[in-house]
Each structure stands twice: as structure tokens, then as C-alpha cells.
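Visitor: Next comes the sequence, and after it the predicted model I'd like to discuss.
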Amino acid sequence: MNRDTKVTKVSALNETFSNAKFAVVADYRGLKVTEIEKLRGALREQNGQIQIAKNTLLKLAVKGTDYEILSEEFTGTTAIAFSFEEPVGTAKALAEFAKEFEALQIRAAGLDGKVLTAKEVLSLSKLPSKEQLLGQLCGVLAAVPTKLVRTLNAGPSNLVYALQAIKDQKEN
């Protein structure tokens, strides 16, 4: 790779690191190209991507970004998975892929300027997605007025039931 190509690659990687909300460092040794393409597709569905680059280029690319804390993890065969929206979807995709293909080893991740271990990334993958959490919140918020209406309606309903019972008793 000539110098101009390296500069272009570092610049592109730096921009990707700057735009990412979540980055995962993984070891991909032993994965076939078709398997990596399958992972790329899974990450693309979660608005993420995976990039493979030389460690020296990665170390240069993270300078000046929130992910500079991950530079110690750039050893051996390194792949970086990025998430540009929410981290849970990318973490789930990586965790499912790592279960299926044991060759993918998650080393660490960066989220909000902090380093997460592989165990923490797997824990993150078990959380519900943002859409699921918003759905649960809507359910909770809808339950409050529903319960209020039922409570306010209980008094008149009980009165009607009592009057109906008196009427039935007098008819007999």
C-alpha cells in the first residue's frame, strides 16, 4: 500500500470513528470471506458496518476521537464493528454471529468514552432495543389513564349492580 492510499484509508477510518456512536474491536482470525460478508449483512440491517484494517492505520485513525481509548486493543487480526444509531442492535448482531461462528472473538468496545469488556458487550446485547423500550414505555403510560377511568367508573357501576340486584329480588 503506497503512502497516498494509507493517508486516504486513515482519513476515511477517522471519519468513521468520528461518526460512530459505538465501536467494537474483534478478532476475526479463522473466518472465511463468506462468513465476514454474512456479518456485514447482519450489521448493515442494524445501521452498522465492519471494517478490517492494519493495526498501525487504526491507531492513527482513532487519534482525536472518543475511541482513542481502544488503541491498546489493536493487536493481531483486528476488525472494527461500528454502530451509527443505537449500540444494542450492533451488539446483538455480533453476539449472535459469535455464537454461530466461534472464530469471531470480541475483545472490547467503546461507548460514550468508556471501554467495555467482551462480557459487557454480551450483556448489552441482551437488552431490549430502543423501539422495544419505547413500546414498553407507551404501554405503561397508557395504563395509567386506563386504570384511572376504571377506578372512576367503579362507583357508578357498583351502584347500578346493586340497584339491579334489588330489582331482581323484589321481582321474585
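Guide: Arrived safely. Residues are numbered from 1 along each chain as shown.
Visitor: quick one, phi/psi of residue 29?
Guide: phi -60, psi 130 (degrees, to the nearest 10).
Visitor: got the contact list for it?
Guide: 76-77, 103, 105 (Cβ atoms under 8 Å, 6 or more residues apart in numbering). (Each C-beta comes from the backbone N, C-alpha and C, glycine too.)
Visitor: rerun at 6 Å
Guide: By Cβ atoms under 6 Å, 6 or more residues apart in numbering, residue 29 lies in contact with residue 77.
Visitor: next one: residue 77
Guide: By Cβ under 6 Å, 6+ apart, the contact set of residue 77 is 27-29.
Visitor: Once you drop chain neighbours, what's closest to it?
Guide: Spatial nearest neighbour of residue 77, excluding adjacent residues (Cβ to Cβ, 6 or more residues apart in numbering): residue 29 at 4.4 Å.
Visitor: per-residue confidence for that neighbour?
Guide: Predicted confidence (pLDDT) for residue 29: 89.
Visitor: distance of it from residue 98?
Guide: 13 Å (Cβ to Cβ, to the nearest Å).
Visitor: Next, name the residue at the spatial heart of this protein.
Guide: residue 88 (1.2 Å; Cα atoms, centre = their mean).
Visitor: before we move on, which element is that residue in?
Guide: Assigned by DSSP states H and E, residue 88 belongs to helix 87-100.
Visitor: Let me see the ranges of the helices in this structure.
Guide: Using DSSP state H, the helices of the chain run over 3-19, 33-45, 55-61, 87-100, 118-125, 130-171.
Visitor: quick check: mean pLDDT across the last one?
Guide: Throughout helix 130-171, pLDDT has a mean value of 84.
Visitor: and if you look at the fourth one?
Guide: Average pLDDT, helix 87-100: 89.
Visitor: Which other helices and strands does it contact?
Guide: Counting contacts by 3 or more Cβ pairs under 6 Å, 6 or more residues apart in numbering; DSSP states H and E, helix 87-100 packs against strand 22-27, helix 33-45, strand 78-83, helix 118-125.
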